[in-house]
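> The sequence and its predicted three-dimensional model are supplied below.
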Amino acid sequence: MGELVLNNETQLKVCPSELFALFGSGDSSLGWLFGAEVPQLRPGSLVRLALPLGGLARSPGTARVLSFQPDRRIDLMHETPWAGRVVCRFDPLDGGGTRLRVRITIDDREVARLGAELGLLDGYDAGLREVPLGLLISLSGPAGILGRSTVNCAQLAVEEINADGGVMGRTVRLVVADDSTDPGIGAIAMRRLCRTPGLAAVVGMHSSATYAVTAPMAVAEGIPYLYTPTSEPTAAHPLLVRFGETPMDQLHRALPRMAARTGGSRWFLAGNDYSWPRAISATARAVIERMGGHVAGEGYLPLGSEDFEPVLMAIQRSGVDHVVSSFVGQDHVGFQRDFAACGLRESIRTFAPLMDDAVVEHLGESGEGTWNALGYFVGLDTSENREFLRCYADRFGPCSPPVSAAAEGVYEAIHTWARSCRAGGGADPTALLSGLRRASFNGPRRCGRGGQLKSLLLGEATASGVQVLDELPAAHQAS
Amino acid sequence: MTTSQSDAIFSALADPTRRAILSLIGEHEELTAGEIAAHFDSLGRTAVSSHLRILRLAGLVAERRDGRFRHYSVTPTPADAVVAFLTSVYQNSLEQLASAVQDASAAGDTPLDRTEERSA
């Protein structure tokens, strides 16, 4: 496979050690790369970026430190909105300045994906012996910062399936498309995926706002759509297959536990202003009222918000014991950080239905004490999970982005898809749908036939990741 | 490719709406401004025309006139544009870094001091 190599350089009037010390400060006036936010410079640590790609706003991105030599060199792996290797070299100049060279290496497939997303290059052309499998996810926009480990997990599943003979003797090829956390762009990305000759199915890990636009497209094109995030069951159609947790599963089991822990009864519901957070709040309200609690207030902000003060003030005034926070991606990180910074974390417990291991890495200590119930956390102590994590680390290295529930959900959905194709005797929709009724995959999370979730894990964010507190039967199993 | 072409491509692609418009045109042989505007809820015809002008000046989109309609398509030599875009994104970060460091030393303040002030 070929790669694109870009070399940029500049000369600066400060010495290498001064320049090196600027890396990681999070000061945006230093530009998006040296203005990156790196809490601690060590191999494997997260680098948060603010790229100049959002029009007036800045667009969030992520990278990871691979290695560094003080005052001489920093090696990074750029993760989102695109994947690439970035090497910064600091050479002293006569007279005390520095020659800064930045070398970027991006593999051809990633360049092709970017080109296709910009409408500039033709999309992927499948070979006859290949089964193209679409992955629609967010790699840019507010949800993009969590996207790379999902692509990695999808790639790992596809490689494992291919090592095991592929699907009906054909090699599976992953085709990745980015919805930019935007339904309009999601529709364009979905149209491009659907045009891929012989596309077998689309696995979707993106917002419900995008799903509302792209699910009817999948139905119209006759393409199975495997949707993996936590979501409300909506319009039933045989081609629309849902894998994720439902808000009822998450909230019905976890909120009473949380109230029992705090002894409080007052709740505030907050989140981004679109269908999924509103659905979370509606379900939370029903659960809270059924257990005799009181919803003291609600507050919503548009996706892509940076100022959370209006909602934080309302929370402060409401005198609540708990917040149910359904902010998404970068907004989730921003809200939780500001929530902690203004001292609310000490007196108010938060339940966040999207809090997972990847989010916790972005939050650092500002997320501590947050609860969630999901089908998967990295801390799940089973032999299947240990094996999965070992395979992930072997494949992507010690400095790879941490696995999250979202990413692992995609891994399981793709394995379940392949098993179902085998059980049904083909990769066509009829074979897949018939196979889904019979096939199951024995992966890290506890699923029955067709990927139906059997139990949820109750998790609490700590400084060292999410601690699994308990395992709860999924609501539909218990009732 | 010259620096000014490269800059024009970066400016054109640094805006999410223009990226979406380009992506949409790429999914079709040709589209009129009206057809493009119809795809975006929040975007009027005037705004679409102004975005199209920037994309055309960057050499990313070609315009064909047919009576009172103008049809837009993606230009046929696009691979360089992806490279130019990525190069400019990284170059942009170095230019900002250079100018911030320059400003700091002009103010008699070393950038290192600024870091310490911030964490204090």
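Now that the structure is in, tell me what you want to look at.
> and the longest strand for chain A?
strand A:57-69 (DSSP state E).
> For chain B, give me the ranges with low pLDDT.
B:1, B:76-78, B:107-120 (pLDDT under 70).
> quick one, strands of it?
Using DSSP E, strands in chain B cover B:31-32, B:61-66, B:69-74.
> Check which helices and strands the last one sits against.
Packing partners of strand B:69-74 (3 or more CB pairs under 8 Å, 6 or more residues apart in numbering or on different chains; DSSP states H and E): helix B:16-26, strand B:31-32, helix B:33-39, strand B:61-66. For every residue, glycine as well, the C-beta is placed using N, CA and C.
> go on, the shortest one?
Under the contact criterion of 3+ CB pairs under 8 Å, 6+ apart, the helices and strands touching strand B:31-32 comprise strand B:69-74.
> Each with direction, which strands does the strand it packs on pair with?
Paired strands of strand B:69-74, with direction, are strand B:31-32 (antiparallel), strand B:61-66 (antiparallel) (DSSP bridges).
> who touches B:Phe40 in this structure?
A:184, B:17, B:20-21, B:48 (CB atoms under 8 Å, 6 or more residues apart in numbering or on different chains).
> Let's see that with 6 Å instead.
By CB atoms under 6 Å, 6 or more residues apart in numbering or on different chains, the contact list for B:Phe40 is empty.
> how much does the helix or strand harbouring A:Cys88 deviate in direction from strand A:57-69?
Assigned by DSSP states H and E, A:Cys88 falls within strand A:84-92. For strand A:84-92 against strand A:57-69, the angle by axes from the mean of the first three to the mean of the last three CA atoms, to 10 degrees is 60 degrees.
> Could you see whether chain B lies near strand A:84-92?
No: Strand A:84-92 lies out of reach of chain B by CB under 6 Å from any CB of the partner chain, never closer than 7.8 Å.
> Kindly compare burial across the helices and strands packed on strand B:69-74 and name the winner.
Stretch with highest mean neighbour count among the helices and strands packed on strand B:69-74: helix B:16-26 (a mean of 23; mean count of other CB atoms under 10 Å in any protein chain shown).
> Run through the neighbouring helices and strands of that one.
For helix B:16-26, the packing partners by 3 or more CB pairs under 6 Å, 6 or more residues apart in numbering or on different chains; DSSP states H and E come out as helix A:183-195, helix B:45-57, strand B:69-74.
> can these go into JSON lines with extra columns for distance to A:Ala373 and mean neighbour count?
Formatted as JSON lines, these follow (distance: least, CB to CB, whole Å; neighbours: other CB atoms under 10 Å in any protein chain shown):
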{"stretch": "helix A:183-195", "distance to A:Ala373": "27", "mean neighbour count": "22"}
{"stretch": "helix B:45-57", "distance to A:Ala373": "44", "mean neighbour count": "16"}
{"stretch": "strand B:69-74", "distance to A:Ala373": "46", "mean neighbour count": "18"}
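> Shouldn't A:Cys421 be within a helix?
Yes: counting by DSSP: H, G, I helix; E, B strand; the rest coil, A:Cys421 falls inside a helix.
> Show me which residues of chain B sit near chain A.
Checking chain B against chain A by CB under 6 Å from any CB, the hits are B:14-16, B:20, B:22-27, B:74, B:78, B:81-82, B:87, B:90-91, B:93-94, B:96-98, B:100-101, B:105, B:111-112, B:115.
> Now do the phi/psi pair for A:Thr105.
Torsion angles at A:Thr105 (phi, psi; degrees, to the nearest 10) stand at phi -120, psi 120.
> Look up the closest residue to B:Asp7, ignoring the ones flanking it.
Distance criterion CB to CB, 6 or more residues apart in numbering or on different chains; nearest residue to B:Asp7, sequence neighbours excluded, is B:Ser88 at 6.5 Å.
> so that neighbour touches B:Ser4, yeah?
No: with contact defined as CB atoms under 6 Å, B:Ser88 does not reach B:Ser4; the gap is 11.1 Å.
> Compare those two (neighbour count), which wins?
B:Ser88 (23 against 8; other CB atoms under 10 Å in any protein chain shown).
> burial count for the residue of the stretch 301-450 of chain A found nearest chain B?
Closest to chain B within the stretch 301-450 of chain A is A:Gly304: 10.1 Å, counting by CB to the nearest CB. Neighbour count for A:Gly304, taken as other CB under 10 Å: 19.
> And what about it, helix, strand or coil?
coil.
> Now do the contacts for it.
Going by CB under 6 Å, 6+ apart, A:Gly304 touches A:Pro142.
> the longest helix in chain B is where?
Ranked by residue count and defined by DSSP state H, the top helix of chain B is helix B:79-106.
> which secondary structure element contains A:Val172?
strand A:171-178.
> Grab the nearest non-local neighbour of the residue nearest in space to the middle of chain A.
Centroid-nearest residue in chain A, with CA atoms, centre = their mean: A:Leu146, separated by 3.4 Å. In this structure, A:Leu146 finds its nearest non-sequential neighbour in A:Ala358, 4.8 Å apart by CB to CB, 6+ apart.
> count of neighbours near the closest residue to chain B within chain A?
Closest residue of chain A to chain B, CB to the nearest CB: A:Gly119 (2.1 Å). Neighbour count for A:Gly119, taken as other CB under 10 Å: 24.
> for B:Gln96, same thing?
Neighbour count of B:Gln96, defined by other CB under 10 Å: 19.
> hang on, isn't it packed against A:Leu33?
No: applying CB under 6 Å, one finds B:Gln96 not in contact with A:Leu33, separated by 8.6 Å.
> For chain A, just list every one of the helices.
So, for chain A - with DSSP H - the helices run A:16-22, A:108-117, A:148-163, A:183-195, A:208-221, A:247-262, A:275-290, A:309-318, A:329-341, A:357-363, A:383-396, A:405-424, A:429-436, A:475-478.
> which of those helices has the lowest average pLDDT?
The weakest mean pLDDT among these belongs to helix A:475-478, with a mean of 48.
> wait, what's in contact with residue 74?
Answering for chain A, as no chain was given. Contacts of A:Ile74 by CB under 6 Å, 6+ apart are A:68, A:88.
> Oops, wrong one, chain B.
B:Val74 neighbours (CB under 6 Å, 6+ apart): A:119, B:25-26.
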